[in-house]
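Peer 1: With the sequence up front, the predicted model follows.
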Amino acid sequence: MGPVQQIITTKLQAELAPEVLEVLNESYMHAVPPGSESHFKIVIVSQKFDGQRSVKRHQLVYGILASELAGPVHALAMHTYTPIEWEDSSNGAPDSPQCLGGDKSI
């Protein structure tokens, strides 16, 4: 686990007391140098999301990770769940799509 990934993990654990937390560095899937920490996917299951719509949940996470998003983190895929939503989700969080790169077309 790299330093940026560790900071993200520590901050989210401290602020959201998650039941499930996955912080995945997906930078290798993108056109970045090896060892980069610029693209992340997070899966968070927390009671603190109860009664909040997705937008509010994401705003909460953006606030917690403001420094990282203003610096080294270029992209952040978020999957936020309440414990009940997580239990009802038999497939878990969706897979991230493959990156086409900055100069490739669809």
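Peer 2: Structure received. Since this is a predicted model, take the numbers as computed values, not measurements. Numbering: from 1, shown residues only.
Peer 1: what's the spacing between the closest residue to residue 25 other than its chain neighbours and residue 88?
Peer 2: Distance criterion C-beta to C-beta, 6 or more residues apart in numbering; nearest residue to residue 25, sequence neighbours excluded, is residue 5 at 5.1 Å. For the C-beta atoms, the positions are set from N, CA and C on the backbone; glycine is no exception. As for residue 5, its distance to residue 88 is 28 Å (criterion: C-beta to C-beta, to the nearest Å).
Peer 1: ok, these two, which is more surrounded?
Peer 2: Neighbours were counted for residue 5 and for residue 88 using other C-beta atoms under 10 Å; residue 5 has more, 17 against 9.
Peer 1: beta partners of the residue nearest the centre of the chain?
Peer 2: Nearest to the geometric centre of the chain sits residue 42, at 2.4 Å (C-alpha atoms, centre = their mean). Counting by DSSP bridges, residue 42 forms beta bridges with residue 23, residue 78.
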